[in-house]
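for reference, the sequence and a predicted model appear below.
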Amino acid sequence: MAIRKKTNIAKVASKTYTSSTHEQSLVLCCIYKMLQQIQTHCLALDDLVDESILVRNLAALGMPRRFVSGLQKIDIPKFLRKTKNTKKDHQLKWLSYIVFEMSLSTLMAANFYQNIRTLAKNTKYPRLYSRLYLFCYLKQVSEPFSQIVDELNSDYGNNGDSKFVLLNIIGISESDINKALVENDNSEQGSDSLLVNQDESIHCQDYSCINIREFLANIELPQKFISVIRKHPKLNSVEQLIRQCYQLNNQTELTPKDFSAEQFIPLYQYLDNAISFKERGVNILLHGDPGVGKTELVKTLANALECDLFDISQNSNDDRHSNLSQSMASELLRTQVLCEQLDNIILLVDECDDFFYESISSGRGIRKHQINQILEHSIKPTIWITNRPHSLEDAYVRRFDMVLEITSPEPESYEKKVRQLSKGLRLSSEYITHICCHDNLAIAHIEKAIKVTKTFELTANEAQEQMTMLLNGYLIAGDYTKLKEHQKNTQLDYDLSLTNCIGHDLKAVQKGIHRLGECRVLLYGPPGTGKSAYAKNLAEEIGMPLITKSASALLGKYVGDTEKNIAAAFEEAKASNAVLLLDEVDSFLNSREGHQQSWESTMVNEMLTQMESFEGVFIATTNFNKKLDHAVARRFDFKIKLDYLTTAQRLKMFKQFVPSLSNVIQVHLEKLNNLTPGDFLVAARKCALLGKLDEQVVLNYLQQESAYKRPKTSSIGFL
């Protein structure tokens, strides 16, 4: 009978063990060890632990209900002193089974155990710290274990006995702790310990003497470390742990050129010097309206300096302090110490108002001398960001090395970024300019609206409508004026498939330009075939501004002026990283064979020189390619003819006016074989001006444009 009961207990314990976590099993091992210590040394259990708390936590850790109820009925002190098996020792048997099932190989399979061992190896006393880390870890992940440790450390208990039991549970001695934390020189120890004092939230390396009970009651691992230790498959160093907890993703679409040189260059130079010479007490305050790009500026700075950015503000809420300012102060001190041995680190404190704003009633505020001390002795350069600089007292502001107001990017940079972000939505240039000009729309608003809009598969018109709705949502919430209805021009939406190119695939050319970032393209063909429109669309697709120069704008009155204007156009495109479009180049690049004046050839020579040295995207258009100088024509990578629309293209473009058309209209449209996209644009403007839009009216307008281009037949004889 006894054997069967023993087997049943083993089965129950086995079931509990396999279903419990490694943390639970370890806690049960600690409880078993505690009970053994109490039994071995004949200590009074009720002087150390409240029996009801022990019972409740054993139940929480998986002890079967019938065993728990039995435990409540027995006299635990007497029960622990029993040496022979009795009918009432099921509880210890259940516990002992789980303890004996635990093994080092089992623990090594757990992420947290391997990670704790790795982190302890980085210290001067790996055995001590592996046990202290494990003790703190169990306290912080297991409420039952935390309650039992609190009971052992309670004021009413026997101080000597509770300290003795706790140290034996952990497997260390009082002399081990004193040797590591008191007897050694702090400078020699450095910052190898990850332990912090729960009350003061500083690293435990400042002790002159140690009260062991208070030490064991208050030490812990930073809360953010716990989740990484628990989940990370394999930490290989303390540095990896720190980076997992603090490092911010530096990715940004912006470059230093997107910011004002007056703002960016001084920040870059000062931080570069501070990092190179490892200066301390370096603090910079950035302020400005919400959404102007303060955080993006910091990310761009970090990238330019080849530094890692550690964000303190996003982690400070993990601290257990109810005082928000104290929580952030603790996080700053902790991170500064942890990062001391790392190179090329910049700390970021976003929305730093919580740190400086004093209001004890709302749980904010620390003593001024503490704030001043943090600013003056910071180990790593720290950038602070606020939207409300006036909330900071002058005494604090004076302690910053630099205080800069960040304003919105230059309009060109602003629109450039929006073009880059909105690739694929086919937003028109006019619409992008329209939303970027609104005084109360920040780049952050537009960026989020683009992100949301991209989740839908929308046409260009639908995308703009969706964007407007989202942006107006931000404006209405901020009590600002909504976007005025964007007045679309009377032009039709650009569609690359409605361009009849001969010789090369424009889509393939566009992909190549996007990949390499440079190309020279000559577009030629009849007027209105979409040469300039393609250049504009290309610039939008590859996220570059477009600079358009016509022949009339480049031709100068005096000798040498045209050459200067050509050189200036290329220089402007290079400085702006823009696509350069020269329209009607035949006006001044005609063949040198027919030149009568030397200055005519000089213009062509200047163009050849600029084309050779230009490393950007250059597009030239002409209606008369035969007139071009052969040397100039040879220097274009692609010479692409844009011809009259095909029948299929004419039908597709007509349907932008009228979705369905009759067979009669279709027959007439098929005969108009000299139509271009420009002719359809003229028809669109006429329809808008006269307020008439039906298939017959549109066909009439197109027939007029087609007839205008057809040559008149010559008269015969005297007629």
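Thanks, I have the structure now.

the residue lying closest to Lys639 once chain neighbours are set aside: what secondary structure?
Ranked by CB to CB, 6 or more residues apart in numbering and with sequence neighbours excluded, the top spatial neighbour of Lys639 is Leu522, at 4.6 Å. Every residue, glycine included, has its C-beta placed from N, CA and C. Taking DSSP: H, G, I helix; E, B strand; the rest coil as the rule, one finds Leu522 in the strand state.

settle this for me: Tyr246 is touching Phe310, isn't it.
Yes: using CB atoms under 8 Å, Tyr246 is in contact with Phe310, at 4.1 Å.

intersection of neighbour lists for those two?
Taking CB atoms under 8 Å, 6 or more residues apart in numbering as the contact criterion, the common neighbours of Tyr246 and Phe310 are 335, 339.

how close does the residue nearest to Phe400 when sequence neighbours are not counted get to Val658?
Of all residues beyond its chain neighbours, the one nearest Phe400 is Leu285 (4.4 Å), with distances taken as CB to CB, 6+ apart. For Leu285, the distance to Val658 equals 61 Å [CB to CB, to the nearest Å].

who has more neighbours, the two?
Neighbour totals were compared for Leu285 and Val658, and Leu285 leads with 22 against 16 (other CB atoms under 10 Å).

go ahead and confirm the more buried one touches Leu404.
Yes: A contact is recorded between Leu285 and Leu404 when judged using CB under 8 Å, the distance being 7.4 Å.

kindly state the pLDDT recorded for Asn673?
The per-residue pLDDT reported for Asn673 equals 89.

what's near enough to touch it?
644, 647.

and what about Leu581, helix, strand or coil?
Each residue gets one of three states, and Leu581 gets strand by three-state DSSP.

OK, contacts around it?
Applying CB under 8 Å, 6+ apart, we find Leu581 in contact with 532, 535-536, 546-549, 619-621.

ok, it to Leu297 distance?
As defined by CB to CB, Leu581 lies at a distance of 32 Å from Leu297.

what's the answer for Asn537, then?
Applying CB to CB, the value for Asn537 to Leu297 is 31 Å.

and the two? Which one has more around it.
Just comparing Asn537 and Leu297: by other CB under 10 Å the higher neighbour count belongs to Leu297, 26 against 21.

tell me the buried residues in the helix or strand hosting the more buried one?
Assigned by DSSP states H and E, Leu297 falls within helix 294-304. The neighbour-count check on helix 294-304 (16 or more other CB atoms under 10 Å) flags 294-303 as buried.

hmm, which two among these are most spread apart?
Largest separation among those by CB to CB: Lys294 and Asn303, giving 15.3 Å.

state the next helix or strand along the chain beyond the helix or strand where Arg334 lies.
With the criterion set as DSSP H and E, the secondary-structure element containing Arg334 is helix 324-338. Past helix 324-338, further along toward the C-terminus, the next helix or strand under DSSP H and E is strand 345-349.

so what strands line up beside that following strand?
strand 308-311 (parallel), strand 382-386 (parallel) (DSSP bridges).

immediately after that strand, which helix or strand?
In the C-terminal direction, the helix or strand that comes right after strand 345-349 (DSSP H and E) is helix 353-356.

which elements pack onto that following helix?
Helices and strands touching helix 353-356, as assessed by 3 or more CB pairs under 8 Å, 6 or more residues apart in numbering; DSSP states H and E, comprise helix 324-338.

give the other helices and strands that the helix it packs on contacts.
With contacts defined as 3+ CB pairs under 8 Å, 6+ apart, the packing partners of helix 324-338 are helix 238-246, strand 345-349, helix 353-356, helix 368-376.
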